[in-house]
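Asker: Sequence first, then the predicted structure:
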Amino acid sequence: MLQALLNKTKGDRWIWLIIILLSLISIMAVYSATGAYAYKKNQSVEKVLLYKHLIFVMLGIGMIYISHLLDYRYYAGISKILMIVTIPLLLYTLIFGTNLNDASRWVKIPVIGLTFQTSDLAKLALITFLARMLTKKQENIKDLRESFIPIMASVCSVFVLIALANMSTALMLFGVSILLLIIGRISIKQISIVCAGGLVLLLLVGFLGPRSETYKSRIRTFLHPELVHSDKSFQADQAKIALATGGVFGKGPGNSTQRNFLPHPYSDFIFAIIIEEWGTLGGIVIMMLYLVLLYRCIKIVTRAPKAFGALLAAGLSFSLTIQAFANMAVAVGLGPVTGVPLPLVSMGGTSMIFTSVAFGIILSVSRDVEENVAGKTTGDKTKVSNKVIVGEIPAMA
């Protein structure tokens with residue numbers, strides 16, 4: 001049965017291997033990091049892992065499998081529906097969403113009672129929609145009214161609505177959008193206007209938005225930790241202790257001490273726990289997995305026969321790797337504290353599902369590349385075979 005399932009999987013085998021490895025690492029790291037969380041919930045670690053995280057890991061792999069079987073061209077039409085849903089949903093989240101950590105980022109799903117972060121849906125919607133728009137507008141891509149303004153209207157609306165509650169996610173998504181605009185042949189002059197406009201929006205939201213004090217505090221804590229109260233830098237300080245005590249080879253799986261002090265060691269700061277237990281070498285392995293993922297995705301982009309597939313794979317792969325390195329940068333003290341999870345590793349229900357869908361779409365593009373190459377190869381062999389047969393018939397006569 002397993003062999004039959006493996007035979008049905010298509011796409012880049014290296015990416016499938018990375019998915020499996022990251023999923024296994026996630027299960028081990030979350031199992032180790034959820035001790036304090038389970039204690040607060042008055043549950044065993046095993047129950048927390050089995051009933052919360054492991055189920056979502058399996059659901060995520062299932063979503064990857066389903067998404068990669070669907071022809072990626074269908075996502076062009078789906079992106080329109082997603083954008084129609086996303087904008088009102090982001091507005092609803094800002095006004096009526098569940099408020100956690102002074103930020104209204106979550107919406108409660110009726111009946112099942114789960115909450116999900118609408119920015120996860122918005123990332124997927126905007127990237128797929130941008131890939132569609134850039135492909136559709138290629139004939140007049142330099143036209144300001146026909147191409148640039150409609151494309152930027154979608155980018156700016158999503159950016160502002162996310163930034164009001166989640167600046168770090170909005171900035172990463174904006175950066176991915178700029179990269180897609182460059183790949184999609186938008187003129188450098190227009191991209192410069194976008195960057196300038198994005199900077200203005202950033203300043204307005206950062207200094208006048210509802211979370212302006214939080215953003216200022218985090219930047220001030222990062223730049224001048226010695227000038228702020230220790231409570232402000234508590235997360236960053238505990239992460240640094242985890243890194244320092246981990247050493248080169250780590251304390252060993254399950255032997256973390258900072259998991260009892262770090263807030264959210266199973267999500268935002270899981271990379272610090274991984275280094276504490278598995279050492280610097282373990283951290284390097286994680287980094288290499290994401291770099292190999294980016295390399296394999298770039299190969300898919302360069303070989304994709306259609307512009308939409310190339311832009312789709314590029315946007316989603318940039319989004320995943322930028323998010324991964326942003327999470328790791330925060331954990332090692334190279335950036336201000338944010339609430340960005342490590343893709344496919346951090347514990348998180350709906351974020352795991354949306355990340356898995358992104359992986360599935362990339363594999364769908366990869367599957368099309370493989371089928372296209374196989375079709376060309378078969379066609380070439382048929383041509384050679386026909387030439388041989390045609391050449392042999394007169395000789396036989």
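Answerer: Okay, I see it.
Asker: Could you use CA atoms for every contact and neighbour count after this?
Answerer: Fine.
Asker: Quick check: phi and psi at residue 73.
Answerer: phi -60, psi -30 (degrees, to the nearest 10).
Asker: mind listing what it touches?
Answerer: By C-alpha atoms under 8 Å, 6 or more residues apart in numbering, the residues touching residue 73 are 308, 309.
Asker: Quick one: low-confidence residue ranges for the stretch 251-397 of the chain.
Answerer: 377-397 (pLDDT under 70).
Asker: Next up, the contacts around residue 222.
Answerer: 233, 335, 336, 337.
Asker: Top of those residues by number of neighbours, please.
Answerer: Of all the contacts of residue 222, the most densely surrounded is residue 337 (23 neighbours; neighbours counted as other C-alpha atoms under 10 Å).
Asker: That one falls within a strand, correct?
Answerer: No - under DSSP: H, G, I helix; E, B strand; the rest coil, residue 337 sits outside any strand and is assigned coil.
Asker: burial count for the residue lying closest to it once chain neighbours are set aside?
Answerer: Leaving aside its sequence neighbours, residue 337 sits nearest to residue 330 (C-alpha to C-alpha, 6 or more residues apart in numbering; 5.8 Å). By the criterion of other C-alpha under 10 Å, residue 330 has 22 neighbours.
Asker: May I ask which helix or strand encompasses residue 330?
Answerer: helix 307-331 (DSSP states H and E).
Asker: Mind giving me the packing neighbours of that helix?
Answerer: Helices and strands in packing contact with helix 307-331 are listed as helix 118-136, helix 167-183, helix 234-246, helix 270-303, helix 349-396; criterion 3 or more C-alpha pairs under 8 Å, 6 or more residues apart in numbering; DSSP states H and E.
Asker: do that again at 10 Å, thanks
Answerer: With contacts taken as 3 or more C-alpha pairs under 10 Å, 6 or more residues apart in numbering; DSSP states H and E, helix 307-331 sits against helix 74-96, helix 118-136, helix 167-183, helix 234-246, helix 270-303, helix 349-396.
Asker: still on that earlier bit, which two among the contacts of residue 222 are spaced furthest apart?
Answerer: Farthest apart among those by C-alpha to C-alpha are 233 and 335. That separation is 12.2 Å.
Asker: okay, and for the stretch 101-250 of the chain, where does confidence drop off?
Answerer: Scanning the stretch 101-250 of the chain for pLDDT under 70 picks out 101-104, 110-113, 228-231.
Asker: would you say residue 346 is within a strand?
Answerer: No - counting by three-state DSSP, residue 346 is not found in a strand; it is coil.
Asker: Would you agree it is in contact with residue 273?
Answerer: No - Residue 346 lies out of contact with residue 273 (C-alpha atoms under 10 Å); the separation is 11.0 Å.
Asker: which residues are in contact with both of these two?
Answerer: 29, 30, 265, 266 (C-alpha atoms under 10 Å, 6 or more residues apart in numbering).
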